[in-house]
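> got a structure for you, letters missing:
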């Protein structure tokens, strides 16, 4: 199925798409993270949102950095059909949408979007790699780049913050951004889920080892306690050691 065919084509999907757009516009599920993130995101910050989905984080970053530059990375055409209206409604004019996925090497890959029981698309669960859940999925081919290549193409001379939520492809994205992370050492807000990482043949232990080699240490969120090892599926805040 092509990306164009991921647009709503029947009643259930049209209703689902409308619901997704309204939630993306009006819901603020991450507003409570603003006090945690604000010290790391100055008003002129450059932020990369890897896995922008419906734009909830991109909108938050736009508010925290009104004079900054937000790069919203989202390979799913369906997700972008929701992301666009949400950003326009929110007047998040400093958000750029990049229609690519991020991994450890450029190319093309199949993105799987689960179909929910009621017939609409679970676009927030779209992922690369095989789906072992037995769910019905829609597949379409997407362009893949690396974080290093994206930073170069965007001409970034600074990078203040990175958020990654790409359903198990996080370690691949890190490996494709080693030069960038060593150069800028931005704080990284990253989802780590052992079941999702397995899609890429990765493990939480490999995430911790790679991040340690890059000079990062993890903290749990939102309490910011040191997380020296994986403590279950969660969003972890990675900071350069010494910060």
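Structure's in. What do you need? Predicted, not measured: the structure shown is a model, and the values here were computed from it.
> buried stuff in the helix or strand hosting residue 35?
Using DSSP states H and E, residue 35 sits in helix 34-37. By neighbour count on 16 or more other Cβ atoms under 10 Å, the buried set for helix 34-37 is 36, 37. (Glycine included, C-beta is placed from N, CA and C.)
> residue 26: neighbouring residues, count only.
For residue 26, the neighbour count with other Cβ atoms under 10 Å is 10.
> check what pLDDT it gets.
Note for residue 26: predicted pLDDT of 83.
> and for residue 17?
80.
> now swap in the one 5 residues further on and tell me
Each residue has a pLDDT score; the one for residue 22 is 84.
> contacts for the helix ranked longest in the chain?
Determined from DSSP state H, the single longest helix within the chain is helix 11-26. Contacts with helix 11-26, where a contact means Cβ atoms under 8 Å, 6 or more residues apart in numbering, come from 7-8, 54-56, 78, 81-83, 85-86, 89-90, 116, 118-121, 123.
> in it, what counts as buried?
13, 16, 17, 20, 21, 24, 25.
> for that helix, the distance to its chain's centre please.
20 Å (Cα atoms, centre = their mean, to the nearest Å).
> likewise for stretch 207-222?
On Cα atoms, centre = their mean, the centre of stretch 207-222 falls 17 Å from that of its chain.
> excluding its backbone neighbours, what's nearest residue 159?
residue 184 (4.0 Å; Cβ to Cβ, 6 or more residues apart in numbering).
> ugh, wrong one, I meant residue 220
Counting by Cβ to Cβ, 6+ apart, the residue nearest residue 220 is residue 227, at 4.8 Å.
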